[in-house]
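Visitor: Attaching a predicted model along with its sequence, questions to come.
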Amino acid sequence: MVTKFRHLCFICVLSCVCAIGGFASAQSIPPSVAIIDDAAVEQIREWLKNPVVEMSIVAQNKTYADLPQEDVDRLDKQWRTERKGDDQPLIAAILSSPLSNYLTQIQAASGGLFTEIFVMDAKGLNVGQSGITGDFWQGDEAKYQKTFPNGAGVVFIDDAEFHEDSKTWRAQVNMTIADQANAPIGAVTVEYNLSELARRRGL
């Protein structure tokens, strides 16, 4: 009886070790960002062609054209403060915009493939987004610095990162947004659920 009990205990411990090992492996080895291929990027470009994208960016570029950096910093600080409180006028104004509504629909229609989408203006300030981002100003981050300043057609795919809450790998696709004359007007960040994309590709 003791031998049988010890055998069952050994099986339980072995199962736990295997499960932990499998989780550790899944956490340490992300799917390759190379699976975000040209077709995936082209899909983003297609829904960026909706007129609400260009109109929203152009309007905000005009509004903030002469905004000094100290005011950009002030708005960014206000955004981060509002995230912690109940009074959120700046956040509410952005989230209720037609562009934010459009991006929210795009994310919802992806069935979990997109986990975050936000569009930036020429200064790197958010114009529209599918959820509340950590910052209002992205101008000091690679997602903006490696896209908009480098011209139309630029795409920058960042390294994969593990999202602890969902236990999934994610990667951000960042690209310059140009107007109909192919002049850069802003940028977009689309965060992929890399684990879900790999599943859909059978990888």
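Guide: Perfect, thanks for sending it.

Visitor: Please enumerate the strands of this protein.
Guide: 114-120, 126-129, 155-157, 161-163, 168-178, 184-193 (DSSP state E).

Visitor: mind checking which of the ones you listed is nearest residue 80?
Guide: With respect to residue 80, and counting by CB to CB, the nearest of the strands of the chain is strand 126-129 at 12.3 Å. Where you see a C-beta, it was placed from the backbone N, CA and C, and this is true even at glycine.

Visitor: Reformat the strands of the chain as TSV; add mean pLDDT, distance to residue 75 and mean neighbour count.
Guide: Listed next are the strands of the chain as TSV, based on pLDDT from 0 to 100; distance: least, CB to CB, whole Å; neighbours: other CB atoms under 10 Å:
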stretch	mean pLDDT	distance to residue 75	mean neighbour count
strand 114-120	98	13	23
strand 126-129	98	10	26
strand 155-157	98	24	17
strand 161-163	95	26	15
strand 168-178	97	20	22
strand 184-193	98	16	24
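
Visitor: Minimum distance to residue 101: which of these has it?
Guide: When the strands of the chain are compared (using CB to CB), the closest one is strand 126-129, at 8.1 Å.

Visitor: roughly how far is the closest one from the heart of the chain?
Guide: Here strand 126-129 is found 12 Å from its chain centre; the criterion is CA atoms, centre = their mean, to the nearest Å.

Visitor: tell me what it is packed against?
Guide: In this structure, strand 126-129 packs against helix 51-63, helix 89-95, helix 98-109, strand 114-120, with contacts taken as 3 or more CB pairs under 8 Å, 6 or more residues apart in numbering; DSSP states H and E.

Visitor: got these as CSV, with distance to residue 134 columns?
Guide: Below are the helices and strands packed on strand 126-129 laid out as CSV (distance: least, CB to CB, whole Å):
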stretch, distance to residue 134
helix 51-63, 19
helix 89-95, 12
helix 98-109, 16
strand 114-120, 10
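
Visitor: thinking residue 150 is in contact with residue 176, fair?
Guide: Yes: between residue 150 and residue 176 there is a contact at 7.0 Å, judged by CB atoms under 8 Å.
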